[in-house]
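Novice: Just the structure for this:
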Amino acid sequence: MLEVGSKAPLFCAPNQDDVEICLRDLEGKWIVLYFYPRDNTPGCTTQACDFTQALPQFDDLDAIILGVSPDTTTKHRNFIEKRDLEITLLSDVDKKMCEDYGVWQLKKFMGRESMGVVRSTFIINPEGNIAALWEKVSVRKKRKKNGETIETLHVDEVKETLTQLQAN
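Specialist: The predicted model follows:
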């Protein structure tokens, strides 16, 4: 896995409209790059909808949101249309980005092992370095506070961190 301060691996990948998006073309911008296992699954749908809902706030922070999975551009288009998503999704069918960012890993589920995407999020600063990262992301966490159950959203944590990074 990459570390905060390391150079973000270069990438070029097609988005949902088959337009190639490259890191070099985004130089000078803040990027929220999140990796997720598969379109139209419960956690992935929640995450994509959360980022879409928060998009205006990320726009205010001059940040681009890019979701990445091994799904095809056609599956991404269908996912976007079905869920009214407004974020950009990159297709990493050959899993090169997933491998370069260290998120393609051995996963265990119900006693079975298989390779897959470990849900992870990276903030890349305008200089192209990893400014923050989250591994094994829980899209929504429930915790007790003063006897009440509170739900925290990963997207809010990313927004808060991005705001702090930009203030420094």
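Novice: Flag the shaky bits of this protein, pLDDT-wise.
Specialist: Confidence mapping of the chain against pLDDT under 70 gives the ranges 1.
Novice: Show me where it has its helices.
Specialist: For the chain, the helices defined by DSSP state H occupy 42-53, 55-60, 73-83, 96-100, 154-167.
Novice: Now render the ones you listed as JSON lines, adding distance to residue 13 and mean neighbour count.
Specialist: C-beta here means a position set from N, CA and C on the backbone, and glycine is covered the same way. JSON lines is the format used below for these (distance: least, Cβ to Cβ, whole Å; neighbours: other Cβ atoms under 10 Å):
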{"stretch": "helix 42-53", "distance to residue 13": "17", "mean neighbour count": "18"}
{"stretch": "helix 55-60", "distance to residue 13": "20", "mean neighbour count": "13"}
{"stretch": "helix 73-83", "distance to residue 13": "9", "mean neighbour count": "17"}
{"stretch": "helix 96-100", "distance to residue 13": "6", "mean neighbour count": "18"}
{"stretch": "helix 154-167", "distance to residue 13": "20", "mean neighbour count": "16"}
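Novice: which residues touch stretch 72-88?
Specialist: By Cβ atoms under 8 Å, 6 or more residues apart in numbering, the list of residues contacting stretch 72-88 from outside reads 14-18, 21, 39-40, 45, 48-49, 51-52, 55, 64-67, 69, 71, 89, 91, 93.
Novice: Tell me what the residue sitting nearest the centre point of the chain is bridged to.
Specialist: With distances taken as Cα atoms, centre = their mean, the residue of the chain nearest its centroid is residue 34 (1.1 Å). In this entry, residue 34 is beta-bridged to residue 67, residue 121, by DSSP bridges.
Novice: Just confirm it contacts residue 50, I think it does.
Specialist: No - using Cβ atoms under 8 Å, residue 34 is not in contact with residue 50, being 10.3 Å away.
Novice: In a markdown table, list the helices of the chain along with distance to residue 115.
Specialist: Listed next are the helices of the chain as a markdown table, based on distance: least, Cβ to Cβ, whole Å:
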| stretch | distance to residue 115 |
| --- | --- |
| helix 42-53 | 17 |
| helix 55-60 | 31 |
| helix 73-83 | 19 |
| helix 96-100 | 10 |
| helix 154-167 | 23 |
